[in-house]
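Student: Give me a 3D structure for the following:
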Amino acid sequence: MTIVRAATAADRDFAIETARRFAAFGPPPWRTPHEIVAREVESLDDFFDGGMHGSTLLIAEDAGRPVGFAFLEHHTDYFTRERHGHLGMIAVIETAEGTGVGGALLQAAEDWTRAQGYTRLTLNVFEGNTRARRVYERAAFRAEALKYVKVL
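Tutor: Here you go, the predicted structure:
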């Protein structure tokens, strides 16, 4: 049974190690796995060092051991200027894939967003990460905008 709880300082190594998986999920050819992982780890370090006020890190546990995490932030909508929740990162250890851990984290992210008084939760996903995109679409997320990049 998966439970989701707030992260503690003791979760730092787990979160950082699990974030290293982000390099494996469909980055475009102009992004290196190193730069993706480095930036995500930097964000987690900032969170644990107290530099990301208002952000939340949730840890999913199964049988008392961490199996995934979700990093939540407050964002402002470009068009309406309304505040909303943003799922900046979500990751599950490889052995927990397909066991419902991701769904539990998504539900906890929705609960956090509602508790903030927000009516929207956003996230970003690489186009090539088709597995994650299917999970998000099953959870009723819909694509809103596509970011195009031209490497010069």
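
Student: Could you use CA atoms for every contact and neighbour count after this?
Tutor: OK.

Student: Could you pull up the contacting residues of Leu123?
Tutor: His86, Leu87, Gly88 (CA atoms under 8 Å, 6 or more residues apart in numbering).

Student: Contacts for stretch 127-142, please.
Tutor: Phe25, Gly26, Pro27, Pro28, Gly103, Leu106, Val125.

Student: Check the secondary structure at the last one for me.
Tutor: Recorded secondary structure, Val125: coil (DSSP: H, G, I helix; E, B strand; the rest coil).

Student: Secondary structure element for the residue nearest to it when sequence neighbours are not counted, which one?
Tutor: Leaving aside its sequence neighbours, Val125 sits nearest to Arg133 (CA to CA, 6 or more residues apart in numbering; 7.1 Å). In the assignment (DSSP states H and E), Arg133 maps to helix 130-138.

Student: quick revisit: any of the contacts of stretch 127-142 buried? List them.
Tutor: Phe25, Gly26, Pro27, Gly103, Leu106, Val125 (16 or more other CA atoms under 10 Å).

Student: Please, where are all the helices along the chain?
Tutor: Here the chain has its helices, by DSSP state H, at 12-19, 33-48, 101-115, 130-138.

Student: contacting residues around the strand ranked longest in the chain?
Tutor: Selection of the longest strand in the chain by residue count, based on DSSP state E, yields strand 65-76. Contacts with strand 65-76, where a contact means CA under 8 Å, 6+ apart, come from 14-15, 18, 54-61, 82-93, 96, 101-102, 105-106, 109.

Student: Filter those down to the buried ones, ChimeraX style.
Tutor: Per 16+ other CA under 10 Å, the buried members of the contacts of strand 65-76 correspond to this ChimeraX selection:
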select :15,18,55,56,57,58,59,60,61,83,84,85,86,87,88,89,90,91,92,93,101,102,105,106,109
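
Student: Among the contacts of strand 65-76, which ones are in strands?
Tutor: Per DSSP E, the contacts of strand 65-76 map to strands at 56-61, 83-92.

Student: middle-most residue in this protein, spatially?
Tutor: With distances taken as CA atoms, centre = their mean, the chain has Met89 as the residue nearest its mean C-alpha position (1.8 Å).

Student: Quick check: mean pLDDT of the longest strand of the chain?
Tutor: Averaging pLDDT along strand 65-76 gives 97.
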